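Engineer: one predicted model, sequence on top.
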Amino acid sequence: MTMYESDPNPSNPYDDPNHDQPTRPGKGRRVAFILALIAVLVAGASMAFVGLRSSDDDAAIPPSPGVVLSHSANPAAPSDELMTPNTLSLDPVGVQASIVDATVPEGVLTPPENVKNVGIWLDGASLDSVTGTTLIAGHVNLTGQGNGALFDLGTIEPGEVIRTSDATGKSTSWKVTAVTTRPKADGVEESVLAGPDGPRKLAVVTCGGELQFEDGVGNYADNVYLYADLMV
């Protein structure tokens, strides 16, 4: 997701505590996702991801999952090989990103500002959990940093395999079951917020779709969701 802003020196949205900081209800508290290029907007039970950042980079908008690209990689069997600890490996597109905790200052879930890293929702399943849904979200790009780790998320195809590793470096393989877009106006897909209970799943989310402008700031109309099941 590439963002553009008319101001060549745009201010940092993190400097404005009221800048698109929505909340979501969950386990007795409302949590706002400020994901730099992604924010979860919540009004009651209604949610929507909103792109926040801008960029003067000339990178293209990432392809929509509606237009799938072919990858040569074949699904691999689960492996016990060790990886760099706390890593998301999008093998079909050749991307590895460090997974860090998304902090929650004053109820705002905030991933790393480094677009090459991704953030894990701590109210979801942990990387070494045997149940529940792990939710990972990340930037597409950021002014001065270029494309983020999830820029090509929408080009990954169902059936392909991605991997995560926990704090010990133990690798977990995930078979992609779907890559979809959803208009932000329709709210967040509730299944990504399933938390630590239920079947073991992985969800990775970023922005995509049409780039729209308001007051010189570009926001993407959709969110891109990648869903994957544990390979056993």
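Structural biologist: Cool, got the structure. Residues are numbered from 1 along each chain as shown.

Engineer: distance of residue 215 relative to residue 184?
Structural biologist: The spacing between residue 215 and residue 184, counted by CB to CB, to the nearest Å, is 17 Å. Heads up, the C-betas are built off the backbone N, CA and C, glycines and all.

Engineer: neighbour-wise, which of those two wins?
Structural biologist: Between residue 215 and residue 184, residue 184 has the larger neighbour count (other CB atoms under 10 Å), namely 24 against 7.

Engineer: doesn't residue 225 make contact with the more buried one?
Structural biologist: No: judged on CB atoms under 8 Å, residue 184 makes no contact with residue 225 at a distance of 11.8 Å.

Engineer: test my guess that residue 201 contacts residue 229.
Structural biologist: Yes: with contacts counted by CB under 8 Å, residue 201 reaches residue 229, the gap being 6.0 Å.

Engineer: quick one: which of these two has more around it?
Structural biologist: Taking other CB under 10 Å, residue 201 and residue 229 do not tie; residue 201 has more neighbours (21 against 14).

Engineer: contact partners for that one?
Structural biologist: With contacts defined as CB atoms under 8 Å, 6 or more residues apart in numbering, residue 201 is in contact with 132-134, 191, 194, 227-230.

Engineer: over to residue 204?
Structural biologist: Per CB under 8 Å, 6+ apart, neighbours of residue 204: 88, 118, 136-138, 150, 153, 162, 225-226, 228.

Engineer: you'd agree it is in a strand?
Structural biologist: Yes: Residue 204 forms part of a strand when assessed by DSSP: H, G, I helix; E, B strand; the rest coil.

Engineer: next one: it from residue 137, what distance?
Structural biologist: Computed as CB to CB, the residue 204 to residue 137 distance reads 7 Å.

Engineer: likewise for residue 159?
Structural biologist: For residue 159, the distance to residue 137 - CB to CB - is 23 Å.

Engineer: of the two, give the one with the bigger neighbour count.
Structural biologist: Shown here are residue 159 and residue 137; by other CB under 10 Å, residue 137 has more neighbours (27 against 12).

Engineer: before we move on, what SS does that one have?
Structural biologist: Under three-state DSSP, residue 137 falls in the strand class.

Engineer: I'd like the numbering to begin with 832 instead of 1 from here.
Structural biologist: Noted, 832 is the first residue going forward, which turns the last one into residue 968.

Engineer: distance of it relative to residue 983?
Structural biologist: Distance of residue 968 to residue 983, given as CB to CB: 15 Å.

Engineer: what does residue 1006 give?
Structural biologist: Counting by CB to CB, the separation of residue 1006 from residue 983 is 18 Å.
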